[in-house]
Structure formats: C-alpha cells, structure tokens
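**Q** Got a sequence here, can you model it:
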Amino acid sequence: MGSFSIWHWLIVLVIVLLVFGRGKIPELMGDMAKGIKSFKKGMADDDEADDAADKARTVEHRADETVSAREKATKS
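**A** Numbers count the residues shown, from 1 in each chain. Just a heads-up that it's a prediction; the model follows:
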C-alpha cells in the first residue's frame, strides 16, 4: 500500500507535463539553478566581508614599542 508502481509514476508524469507543458519545466529548473548560484555567491560575499571585518578589528602589538608619558597619563 505504501509503494507506487510504474503506472502510478507514469500517470503523475503525464499530469505534470499537462499542467506545466514541455517548455516550462526546463525554464523552472534554470530559474532554480540561478537561485542556487546567487545564494552561493551571497554566502561567499558574506565570508569575504567577515574576513575583512576580522582583519580590521585585529591590532598588532610589537614588543619593541614604547609608550610615551602622555599616553600613559591619558590611559589612567
């Protein structure tokens, strides 16, 4: 009762072809592919933006730097 025979699938295929037509299905698949490509591009752009933001927040400290007396006074 839970499985479909080949005849069930053929009937479903005929109904889908009648509803959407021959040209509409490839068009829908093309639109879906464009959507997936756009989504992947957006995710890659977000990753690049995150990497740039992480680099902008990073402050490098060097051991040989000295802090002037004025900078010490403003920090206190």
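
**Q** which residues does F20 contact?
**A** Each residue near F20 by Cβ atoms under 8 Å, 6 or more residues apart in numbering is listed here: L28. Heads up, the C-betas are built off the backbone N, CA and C, glycines and all.

**Q** Give me the distance between it and G42.
**A** Between F20 and G42 the distance, using Cβ to Cβ, to the nearest Å, works out to 28 Å.

**Q** what bits of this protein have low per-residue confidence?
**A** Within the chain, the segments meeting pLDDT under 70 span 1-2, 50-76.

**Q** name the helices or strands packed onto the lengthiest helix in the chain?
**A** As assigned by DSSP state H, the longest helix anywhere in the chain is helix 24-57. The elements that helix 24-57 packs onto, with contact taken as 3 or more Cβ pairs under 8 Å, 6 or more residues apart in numbering; DSSP states H and E, are helix 6-20.

**Q** Could you check the angle the helix it packs on makes with helix 24-57?
**A** If you take axes from the mean of the first three to the mean of the last three Cα atoms, to 10 degrees, helix 6-20 sits at 80 degrees to helix 24-57.
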